[in-house]
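Student: Attaching a predicted model along with its sequence, questions to come.
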Amino acid sequence: MPSERYFEVEDLSEHFAPPILIVSTVVGRGMYAIGEAIRQRLGDKHPVHHVPVEEFVSPRVVNEDLERYKYITNNFPVLLYLTYKVPLFYYRKYLREKLFNAGDLGRLGEKIEALGAKTVICVSHRPAFWVSNLKRREGFDLSVWGVLGEYGKNLGWKYLFWEQMNGFLSPVSRNALGFAPPDHVRFININLPAQHEYQDLSSVEGDINSVLLVCGFWGQGPIAETVKKLSSALPELKIHAVCGENKKAYEKMQHLFNGNDRIQVYGVTPSLVPSLRECASVITKPGISTLLESHAAGRKIFLLKGLPVAEDHNARFAIEHFGAEQFKVKTFARWHARARVETHPRD
């Protein structure tokens, strides 16, 4: 059981004038999960609404920010190293908007006006870019805050309209950001939150003989290979394997393990709560939402190799603060044997 808990988040409601609009992104779904957790924490005191930015921008923007990113992560993940090191990718978009106002932000502006929002909290640099650009273009009387949804620097945050930003919430120190927010931007360190239903699971003891395997909403990871190795080494183990949107992985799993009642295979699932309720451990790539949710639930975390840079940062943080370990069958088997003895000392 991890000795530290990082899902408790300070009461920040005094910093935000209501009504509050949270704008996140469905790129990977991790940022949306953080947005929902923030909504829960602010909702007791303020009117709070939460939307993904993709619902209020043009198809061209969605293609550029979401579909192209998903294609790269599925097929050429090594290119992600460039997006974290080469400013051109972000500066090109910044310059295009500054000179030509090319993005169609009409629906986003209409949503803000319809809600009468006074504060917009942007989870991820993507919505922060478009909201700060909209404020610049329309002159909205808004307080705009950004939220860093990972445990390390991201070059995308450097290239947005910072003169329109009022605050920045970060789980890492200012020195670790890789850029310097302007002096007028209020900087606050926070612990990234998980939704209440995951925190509630911390009082529920999971089954040592059940493990959840998940590789993000897009199912990017060695799902079938991991299940084969683990089930061969520990045939008594019950494995809940979530394939997400990865239809090929889901079909392969159905073919390989059809009739094996020790291996449960899922596609897109609306929530990990049912599986986490049963399982005492989680094997996952270091996607931010699964890490936060598993840690909030008090589950043992084992890490598969993740996407370059961002998930490398997340993995290092999870190992240091969440009690996570890199996944190997031998490592998992040793933990499983110790946990069984601790839970059932006479077995």
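Tutor: That came through fine.
Student: Strands along this protein, start to end?
Tutor: 20-24, 48-52, 119-123, 143-147, 167-170, 186-189, 207-214, 238-242, 263-266, 279-284, 300-303, 325-326 (DSSP state E).
Student: Tell me who's in contact with the nearest residue to Asn154 once chain neighbours are set aside.
Tutor: Leaving aside its chain neighbours, Asn154 sits nearest to His125 (6.2 Å; criterion: C-beta to C-beta, 6 or more residues apart in numbering). Glycine gets a C-beta too; all of them are placed from N, C-alpha and C. By C-beta atoms under 8 Å, 6 or more residues apart in numbering, the contact set of His125 is 146, 154, 156-157, 160.
Student: where does this structure have its least confident helix or strand?
Tutor: helix 80-83 (a mean of 76; mean pLDDT, DSSP states H and E).
Student: hang on, Arg96 packs against Phe89?
Tutor: No: shown here, Arg96 and Phe89 do not form a contact pair, counting by C-beta atoms under 8 Å, at 12.0 Å.
Student: Just want to know which of those two has more residues nearby.
Tutor: Remark: of Arg96 and Phe89, Phe89 carries more neighbours, 15 against 12, as counted by other C-beta atoms under 10 Å.
Student: tally of neighbours for the closest residue to that one other than its chain neighbours?
Tutor: Leaving aside its chain neighbours, Phe89 sits nearest to Thr83 (5.1 Å; criterion: C-beta to C-beta, 6+ apart). Neighbourhood size, Thr83 [other C-beta under 10 Å]: 19.
Student: Tell me how far Thr83 lies from Leu155.
Tutor: Look at Thr83 and Leu155: by C-beta to C-beta, to the nearest Å, they are 7 Å apart.
Student: again, but for Cys122
Tutor: 16 Å.
Student: which of those two has more neighbours?
Tutor: Taking neighbours as other C-beta under 10 Å, Cys122 and Leu155 compare with Cys122 leading, 28 against 19.
Student: Next one: the residue lying closest to that one once chain neighbours are set aside, what pLDDT does it get?
Tutor: Using C-beta to C-beta, 6+ apart and skipping residues adjacent in sequence, the residue nearest Cys122 is Ala128, 3.8 Å away. pLDDT, Ala128: 98.
Student: give me the number of residues near Ala128?
Tutor: For Ala128, the count of nearby residues is 29 (other C-beta under 10 Å).
Student: Verify the stated contact: it with Leu160.
Tutor: Yes: using C-beta under 8 Å, Ala128 is in contact with Leu160, at 5.4 Å.
Student: which residues are common contacts for these two?
Tutor: Counting by C-beta under 8 Å, 6+ apart, the common neighbours of Ala128 and Leu160 are Gly146.
Student: residues contacting Gly152?
Tutor: Counting by C-beta under 8 Å, 6+ apart, the residues that Gly152 touches are 172, 176, 309-310, 312-314, 316-317.
Student: Now, those residues that are in helices?
Tutor: Of the contacts of Gly152, the ones assigned to helices by DSSP state H are 310, 312-314, 316-317.
Student: Give me the buried entries from those residues.
Tutor: Buried residues within those, counting neighbours by 16 or more other C-beta atoms under 10 Å: 310, 312-314, 317.
Student: Closest one of the residues you listed to Ser210?
Tutor: Closest approach between those and Ser210, by C-beta to C-beta: Asn314, at 24.1 Å.
Student: re the thing from before, any chance of the ones in helices among the contacts of Gly152 in TSV with distance to Ala333 and pLDDT as columns?
Tutor: Below are the ones in helices among the contacts of Gly152 laid out as TSV (distance: C-beta to C-beta, whole Å; pLDDT from 0 to 100):
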residue	distance to Ala333	pLDDT
Ala310	30	90
Asp312	25	95
His313	28	95
Asn314	25	97
Arg316	24	97
Phe317	25	96
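Student: Thank you, goodbye.
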